[in-house]
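Undergrad: Whatever this is, show me its structure:
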Amino acid sequence: EERWEPKFTWHAFKKIEVIATEGVAISGQSIQVKSIYTDIRNTGSFECSNELFNNICEAYNRTMHANFKGIISSDPHRERLAYTGDGQVITESLLYSYDMTRLLRKFVTDISDASNKNTGYVPHTAPFGGGGGGPAWGSAYVVIPWNYFCHYGDTTLLREHYQGMKHWVEYLQTRTDDKGIVVREEPNGWCLGEWSTPHNRIEIPASLVNTAYFYHVTCIMADVAGILNKKNDEHHLRTLAETIRKNFNAAFYNEATHHYGEGKQGADVFALAFGLVPEGKREKVFAALLGHLEKVNYHFDTGILATPLLLQVLTENGRADLAYKLMNQRDFPSYGYLADKKNNTLWETWNGDGNDEGCGHCHPMFGSVVAWFYHSLAGIKPDQSDPGMKHFYIEPMIVPDLKYCRATYDSQYGKISSDWKIDENGNLNIKIEVPANTSATVIIPDWGGRTVLESGKPVSEVSNIVIDKVDSARMEVSSGVYHFVILK
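TA: All right, here's what the predicted structure looks like:
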């Protein structure tokens, strides 16, 4: 009897052909397929009444298992590279779904090792293996440690990599034109902006995206400097951020249309998500974004960077219903391809094809939306003023057509859960679990007459619930299990 098994490689496939020589009998039992991936524990679960959303979560988990190979690879079959941009956009989804206390630390160390210690440049893959990208890719060196800190409350990455992270911001300062707009990376480099828009027709200016990221990472670094008590750096970075903001608006904001650029492919989204919009203009820019979404019939026209930001911006501005509508579309461009069970991993592009080099059907980038399921539909959100889930928020978004939603997250203190459903009487039931030695702010959704019970009692009579004196829908709760009912 002979056994053949590769020891130093893996292969991704949908079908496999085995040809036996004459006299050798084979059957389906002759072949064993092993799914191999870095042993990372799942820390999150999500389920709701929308089967497409459940399919997206399953496809995301299957895609990640295929790409956890000691690195977070772009795909398991072609490039197999740890793209920094891909890792950056899915960081929040990773932190909700898996125990990333070790692999993300390793990834950030890889980024540091691959960076240019003289200039501060961060390449598009780490460990470096070539590959295209732009400043949003290198910005992973700032974004990933920050998100890690927000979820785990651990300043280790911020302290260990502070100089390298700050060096990236300093590098971007050297990549601007005379108007302060980021227009280049390395000589003869890619300097991409957005990527994988529908049909990969990039209509949003790369300089808009890249300057927006310049501002974003500068603001994060100002916060990091404050946390690490580096007051001089904090002051300098906040001053720099304000300069970038002014330059960005001078270059891209259209006072007549209230769009940034032409408003396509997330141009307004980057400005809104990163806080670039001038004082007093936010409502007008958001209205312009809504007008654009109506023109594209509430479909994504964004790529890997703006897609999760679009959901964030809509939800934060009271239009979670439109975020849901975008996510629930079934025709191109959408996640509708995952309604067909034959497609069970995430695609590299919206339509599943690409350039002359082909494209993959097992890429993590568009798994970024999984974080929206957790922090918006289920409503489990870190408190950035008290990071690490020592204190957190439960603020579920009740959207049309969704009948129930439940999610769990295994924090370092224990399990956090948010489980809501609309019962047969039209009442909204919300069950939450707050682990020991933690507390939560619960924001009750606007539902019915706003009469709120907990375990059958009016919330005002429950001793360990403190109702906000200004906003009665906002409540502070200590550890325990709570059963809220909001009457129709």
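Undergrad: which residues does the residue nearest in space to the middle of the chain contact?
TA: Computing the C-alpha centroid of the chain and ranking residues by C-alpha atoms, centre = their mean puts Ser368 first, at 3.9 Å. Residues counted as contacts of Ser368 (C-beta atoms under 8 Å, 6 or more residues apart in numbering) are Val89, Ile90, Glu92, Ser93, Ile304, Thr307, Pro308. Bear in mind the C-beta positions are built from the backbone N, C-alpha and C, glycine included.
Undergrad: Export those to a markdown table and append columns for neighbour count.
TA: Shown next, in a markdown table, are the contacts of Ser368 (neighbours: other C-beta atoms under 10 Å):
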| residue | neighbour count |
| --- | --- |
| Val89 | 28 |
| Ile90 | 27 |
| Glu92 | 23 |
| Ser93 | 24 |
| Ile304 | 24 |
| Thr307 | 28 |
| Pro308 | 24 |
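Undergrad: so of those residues, which ones are in helices?
TA: Among the contacts of Ser368, the subset assigned to helices under DSSP state H consists of Val89, Glu92, Ser93, Thr307, Pro308.
Undergrad: helices or strands next to the longest strand along the chain in the packing?
TA: Assignment by DSSP state E gives strand 428-443 as the longest strand of the chain. In this structure, strand 428-443 makes packing contacts with strand 391-394, strand 404-411, strand 414-422, strand 474-486, judged by 3 or more C-beta pairs under 8 Å, 6 or more residues apart in numbering; DSSP states H and E.
Undergrad: let's go with 10 Å and repeat that
TA: Strand 428-443 makes packing contacts with strand 380-382, strand 391-394, strand 404-411, strand 414-422, strand 452-454, strand 465-467, strand 474-486 when contacts are defined by 3 or more C-beta pairs under 10 Å, 6 or more residues apart in numbering; DSSP states H and E.
Undergrad: buried set for that strand?
TA: Using 16 or more other C-beta atoms under 10 Å as the test for burial, strand 428-443 gives 428-430, 432-435, 438-443.
Undergrad: Between those, which sits nearest Ser112?
TA: Within the buried residues of strand 428-443, proximity to Ser112 (C-beta to C-beta) peaks at Thr438, which comes in at 31.9 Å.
Undergrad: pLDDT wise, what is the closest residue in space to that closest one that isn't next to it in sequence at?
TA: Among residues not flanking Thr438 along the chain, Tyr413 sits closest, at 4.9 Å (C-beta to C-beta, 6 or more residues apart in numbering). Per-residue confidence (pLDDT) for Tyr413: 97.
Undergrad: could you check the distance from Tyr413 over to Asn425?
TA: 35 Å (C-beta to C-beta, to the nearest Å).
Undergrad: Give me the more crowded residue out of those two.
TA: Tyr413 (17 against 9; other C-beta atoms under 10 Å).
Undergrad: In this structure that one contacts Glu433, no?
TA: No. Taking contacts as C-beta atoms under 10 Å, Tyr413 lies outside contact range of Glu433: 11.2 Å.
Undergrad: what residues are shared contacts of those two?
TA: Ser479 (C-beta atoms under 10 Å, 6 or more residues apart in numbering).
Undergrad: what's the farthest-apart pair in the contacts of Ser368?
TA: Glu92 and Ile304 (13.7 Å).
Undergrad: Surely Arg80 is in a helix?
TA: No. Counting by DSSP: H, G, I helix; E, B strand; the rest coil, Arg80 is not found in a helix; it is coil.
Undergrad: so what's the residue nearest to it when sequence neighbours are not counted up against?
TA: Spatially, and ignoring its direct neighbours in sequence, Arg80 is nearest to Ser73 (5.1 Å; C-beta to C-beta, 6+ apart). By C-beta under 10 Å, 6+ apart, Ser73 lies in contact with 64, 66-67, 79-83, 86-87, 125, 362-364.
Undergrad: Can you check the pLDDT for Ser73?
TA: 95.
Undergrad: mind checking how far it is from Ser35?
TA: Distance from Ser73 to Ser35, by C-beta to C-beta: 15 Å.
Undergrad: do the same with Met475
TA: In terms of C-beta to C-beta, Met475 sits 44 Å off from Ser35.
Undergrad: out of the contacts of Ser73, which one sits closest to His236?
TA: Gly87 (27.9 Å).
Undergrad: burial count for the closest one?
TA: 28.
Undergrad: Quick check: Thr243 touching Thr218?
TA: Yes. Between Thr243 and Thr218 a contact is recorded at 9.3 Å, counting by C-beta under 10 Å.
Undergrad: intersection of neighbour lists for those two?
TA: Counting by C-beta under 10 Å, 6+ apart, the residues touching both Thr243 and Thr218 are Gln173.
Undergrad: Put together a markdown table for the buried residues of strand 428-443, with distance to Lys295 on each row.
TA: A markdown table is the format used below for those (distance: C-beta to C-beta, whole Å):
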| residue | distance to Lys295 |
| --- | --- |
| Leu428 | 34 |
| Asn429 | 38 |
| Ile430 | 36 |
| Ile432 | 39 |
| Glu433 | 43 |
| Val434 | 43 |
| Pro435 | 45 |
| Thr438 | 44 |
| Ser439 | 44 |
| Ala440 | 40 |
| Thr441 | 37 |
| Val442 | 38 |
| Ile443 | 32 |
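Undergrad: about what we covered before: the longest strand of the chain to strand 474-486, inter-axis angle?
TA: If you take axes from the mean of the first three to the mean of the last three C-alpha atoms, to 10 degrees, strand 428-443 sits at 180 degrees to strand 474-486.
Undergrad: Distance-wise, check the spatially closest residue to Cys359 that is not a sequence neighbour relative to Asn61.
TA: Nearest residue to Cys359, sequence neighbours excluded (C-beta to C-beta, 6+ apart): Glu348, at 4.3 Å. For Glu348, the distance to Asn61 (C-beta to C-beta) stands at 17 Å.
Undergrad: same check, this time on Met165
TA: Distance of Met165 to Asn61, computed by C-beta to C-beta: 30 Å.
Undergrad: Looking only at neighbour counts, state which of these two leads.
TA: Met165 (29 against 19).
Undergrad: helices or strands up against the host helix or strand of the more buried one?
TA: Met165 is part of helix 162-173, with elements assigned from DSSP states H and E. Packed against helix 162-173, as judged by 3+ C-beta pairs under 10 Å, 6+ apart, are the following elements: helix 103-114, helix 135-138, helix 140-152, helix 206-227, helix 231-252.
Undergrad: how about 8 Å then?
TA: helix 135-138, helix 140-152, helix 206-227, helix 231-252.
Undergrad: ok and the second one relative to helix 162-173, angle-wise?
TA: Helix 140-152 runs at 130 degrees relative to helix 162-173, counting by the same axes, to 10 degrees.
Undergrad: buried residues in helix 140-152?
TA: Under 16+ other C-beta under 10 Å, the buried positions of helix 140-152 are 140-152.
Undergrad: and what of the last one?
TA: When neighbours are counted by 16+ other C-beta under 10 Å, the buried residues of helix 231-252 are found to be 233-234, 236-238, 240-241, 244-245, 247-249, 251-252.
Undergrad: Could you do the third one as well?
TA: By neighbour count on 16+ other C-beta under 10 Å, the buried set for helix 206-227 is 206-225, 227.
Undergrad: returning to that earlier point: which one of the helices and strands packed on helix 162-173 lies nearest to Lys264?
TA: Closest among the helices and strands packed on helix 162-173, once you apply C-beta to C-beta, is helix 206-227, at 10.5 Å.
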